[in-house]
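Visitor: this one's sequence-less:
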Ligand code: SF4
Ligand code: SF4
């Protein structure tokens, strides 16, 4: 006997090739649309007139600042990760120029061959859709070569993730990127052996906002935390895309019931230490979504090992989508909501925060650099003039030199390497 009427059931392949497929019931009151609510004309208009600028560029000032608030251990680990990751990012950058190594079987659709190979390599979610240039970053539009996107999600370790926020969880976070970057090289080689071209879109030198394409490929829906909630591991995964000219068939977007579920759940919104997540959705660039307040999130993320509480406390991450939706259909409740098991976390130096309790930070904690590096330099220079009425010749010279350094920085890889 269930409490809720079921609108439809989504059937998905198992978490790995060794697991059985799963069935996810979507309650009548949770059903909305497959994928996400969006106004295509608005998405296209924004893309044409205000193409998305990569955070690596638009928010470069605070990205650089994060290094100044890392703990010693975090600083060393990030340096190590960037060294390990650099060759993977560089290999991805030039991957689209490589020629096929095999002969094409004429008119043969290779979707399932690629999907099977990707699953064998370990990708938990694999989907096919158009590489939608409307979501491509301004700096990367000319770089993108092929029209089809293979969307790939690699699961991040469960137990390490449950220690968020911690170094242990950061090992899982960055370690998964390293693993994923290497696996993508193997998959791209496989596609070339089939006779086609493949371009790797690194998760650390992104070519676009990737989540919209994952949603379009049916791999999940956008949660209130701004992350992709996929069936098996929710938001506990790292996303990468390979674009290709291979003959493939596109998957369809799916309604997993997440949009209405998030409106009711709100655990991430209530538990965010930075109070950076919002209850209500807005239309942003033509898409209806919960829009995170970046400036409230960034200082917490930078100071406390990537924070990630919004990943930790999501029941879909913690228990999986099928158990969460089963529980809702049976009881009308959000699995784990209000319990320490789901909602509790510890913040270094501040202590443990259970349901209903949040840490507080003073106003200065949220004062961080804003904008691009040159914008931030101008802001500081202007402040100096406003405060002192004038600046010395030495200060002018210093400003000019710093600006020169910023403008001459290598901008090929805007990954902050
Ligand atoms: S990373 Fe932390 S501060 Fe940022 S939105 Fe998530 S929970 Fe909030
Ligand atoms: S915690 Fe709840 S509201 Fe937030 S993304 Fe997960 S399901 Fe949605």
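Guide: Thanks, I have it. Only a predicted model underlies this, so the values are computations on that prediction, with no experimental measurement involved. Ligands and ions are numbered 1, 2, ... in the order given.

Visitor: who in the stretch 151-300 of the chain is up against ligand 2?
Guide: The stretch 151-300 of the chain comes close to ligand 2 at residues 223-225, 229, 261-262, 265-268, as judged by Cβ under 6 Å from any ligand atom. For glycine as for every other residue, the C-beta is placed from the backbone atoms N, C-alpha and C.

Visitor: as JSON lines, those residues with pLDDT and neighbour count would be great.
Guide: Below are these laid out as JSON lines (pLDDT from 0 to 100; neighbours: other Cβ atoms under 10 Å):
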{"residue": "223", "pLDDT": "98", "neighbour count": "26"}
{"residue": "224", "pLDDT": "98", "neighbour count": "26"}
{"residue": "225", "pLDDT": "97", "neighbour count": "27"}
{"residue": "229", "pLDDT": "98", "neighbour count": "27"}
{"residue": "261", "pLDDT": "98", "neighbour count": "25"}
{"residue": "262", "pLDDT": "98", "neighbour count": "25"}
{"residue": "265", "pLDDT": "98", "neighbour count": "24"}
{"residue": "266", "pLDDT": "98", "neighbour count": "15"}
{"residue": "267", "pLDDT": "98", "neighbour count": "24"}
{"residue": "268", "pLDDT": "98", "neighbour count": "26"}
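
Visitor: make JSON lines out of those residues and add secondary structure.
Guide: What follows is these, written out as JSON lines (DSSP: H, G, I helix; E, B strand; the rest coil):
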{"residue": "223", "secondary structure": "coil"}
{"residue": "224", "secondary structure": "coil"}
{"residue": "225", "secondary structure": "coil"}
{"residue": "229", "secondary structure": "strand"}
{"residue": "261", "secondary structure": "helix"}
{"residue": "262", "secondary structure": "helix"}
{"residue": "265", "secondary structure": "helix"}
{"residue": "266", "secondary structure": "coil"}
{"residue": "267", "secondary structure": "helix"}
{"residue": "268", "secondary structure": "helix"}
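
Visitor: farthest pair in those residues?
Guide: The most widely separated members of those, counting by Cβ to Cβ, are 229 and 266 (13.9 Å).

Visitor: kindly reformat the residues of the stretch 151-300 of the chain next to ligand 2 as JSON lines containing distance to ligand 1.
Guide: Putting these into JSON lines (distance: Cβ to the nearest ligand atom, whole Å) gives the following:
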{"residue": "223", "distance to ligand 1": "11"}
{"residue": "224", "distance to ligand 1": "10"}
{"residue": "225", "distance to ligand 1": "6"}
{"residue": "229", "distance to ligand 1": "14"}
{"residue": "261", "distance to ligand 1": "18"}
{"residue": "262", "distance to ligand 1": "14"}
{"residue": "265", "distance to ligand 1": "14"}
{"residue": "266", "distance to ligand 1": "13"}
{"residue": "267", "distance to ligand 1": "11"}
{"residue": "268", "distance to ligand 1": "7"}
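
Visitor: return the member of the residues you listed nearest to residue 317.
Guide: Using Cβ to Cβ, residue 229 is the member of these that lies nearest residue 317, at 7.9 Å.

Visitor: off-centre distance for stretch 39-48?
Guide: Mean C-alpha position of stretch 39-48 versus that of the full chain (Cα atoms, centre = their mean, to the nearest Å) differs by 21 Å.

Visitor: go on, stretch 283-292?
Guide: 15 Å.

Visitor: in that stretch, what's buried?
Guide: Neighbour-count burial for stretch 283-292 flags 285-290, 292 (criterion: 16 or more other Cβ atoms under 10 Å).

Visitor: among these, which one sits closest to ligand 1?
Guide: residue 292 (5.7 Å; Cβ to the nearest ligand atom).

Visitor: pretty sure the closest one sits in a helix.
Guide: No - if the criterion is three-state DSSP, then residue 292 is coil and not within a helix.

Visitor: surely it is in contact with residue 226?
Guide: Yes - between residue 292 and residue 226 there is a contact at 4.7 Å, judged by Cβ atoms under 8 Å.
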